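**Q** model the following, please.
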Amino acid sequence: MTESWLGMDVGGSKIHIRIEDSAGQARVDAQWPTGRWGGESYAFKAARMAELIALAAGQAGLASPPPAIGIGAHGCDTPDECARMTALIADHFPDSVCRVVNDAALVALCASQPHAAGLIAGTGSVAAALGPEDNWLLAGGWGWLVGDEGGASGLVREGIRAVLTDWDRGHSDDPLAIALTRVFEVDHLLDLPSQLLRQPVSAWSRHASVIFECLQAGSPLAAGVVDAAAESLAELIARLCRRGARVDCVVAAGGVIRHQPPLFDRLAARLRKHDPRLSLLLLACPPVMGGVALARRLVAPSLVRSVSRGA
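**A** Numbering: from 1, shown residues only. This is a model prediction of the structure:
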């Protein structure tokens, strides 16, 4: 069989698979909606991943999946969870060596620097870095109900909190209050919280862009929300460092941090305040490339190379 590697990125909204040959050329690069995921059993998730891995292998013209499979999976947050999922995938593909890590680890694996932390600020937020025993440490990733500050869902939730707090103080004329009422199509600010339960997070988190529009319009409330989001993201990295991770740079990915320069700039400033040597970079390639790098490491560490190029 032609030498090849498979990388897989299972995010909250989409699944991305890339199969590369020994020359680094893509034989398959495809995406599918994640669909049912949160709250499902390990067996269900493993079966879903195995189905798509087999489909991608077929599209690549392979009789069986590549000999090495590197997966970053949303929701695999502890070493035990990753090991359990790895074992289930191995049951599906006994002729392949595989490893499952948290999807945030793929961002760090994409970097050419050995002490990079990965930070995702997309629908949610989570950070990952290698610990002192070469184990992946995570911070954040708790979901929108209690966390995900700096992600789209956390931004919307905190935006609603800000306008309701302002309402309690006798104000309702901030641009953010007007904008959130409009995009959620409610008659009153007090109706906003219930909207988070009426729709899936993938639907209402898209309104995070409104916060940045209001920031540009001079909204003090929006400025406070974005400032707090940057502080929360910086704190994720600080927690990893306090737990023993050695971090020289932070590689950021996710739609919010990529498309909202005000958040990126504020985060960069706060990271420098934590450590003047700490740099912030935007991920220059899809996170799935970190899965390919992980697969390469599994079979031949000497073949690992920078994956900072484009897809």
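**Q** list the backbone torsions phi and psi for the residue nearest to the spatial centre of the chain.
**A** Nearest to the geometric centre of the chain sits I120, at 3.8 Å (CA atoms, centre = their mean). The phi/psi pair for I120 (degrees, to the nearest 10) reads phi -110, psi 130.
**Q** what's the answer for A128, then?
**A** phi -140, psi 140.
**Q** likewise A63?
**A** phi -70, psi -20.
**Q** quick check: it vs L298, distance?
**A** Separation of A63 from L298 (CB to CB, to the nearest Å) stands at 20 Å. (C-beta placed from N, C-alpha, C; glycine too.)
**Q** more neighbours: the two, which one.
**A** Comparing A63 with L298 by other CB atoms under 10 Å, the one with more neighbours is L298, at 18 against 7.
**Q** just the element for the more buried one, please.
**A** helix 288-299 (DSSP states H and E).
**Q** now I71
**A** Under the criterion of DSSP H and E, I71 resides in strand 68-73.
**Q** try V250
**A** Using DSSP H and E, V250 falls in strand 249-253.
**Q** how far off centre is that strand?
**A** Offset of strand 249-253 from its chain centre (CA atoms, centre = their mean, to the nearest Å): 11 Å.
**Q** same deal with stretch 145-159?
**A** Using CA atoms, centre = their mean, the offset of stretch 145-159 from its chain centre is 14 Å.
**Q** only the buried residues of that stretch, if you could.
**A** For stretch 145-159, a neighbour-count test (16 or more other CB atoms under 10 Å) marks 147-159 as buried.
**Q** what do you get for stretch 214-228?
**A** Buried-residue list, stretch 214-228, by 16+ other CB under 10 Å: 214-215, 219, 221-226, 228.
**Q** what packs against the helix ranked longest in the chain?
**A** For the chain, the helix with the greatest residue count under DSSP state H is helix 220-242. Contacts defined by 3 or more CB pairs under 8 Å, 6 or more residues apart in numbering; DSSP states H and E place helix 220-242 against strand 116-121, strand 125-130, strand 136-140, helix 152-168, helix 175-183, helix 208-216, helix 261-274.
**Q** winner for burial among the ones you listed?
**A** Of all the helices and strands packed on helix 220-242, strand 116-121 carries the top mean neighbour count, a mean of 30, counting by mean count of other CB atoms under 10 Å.
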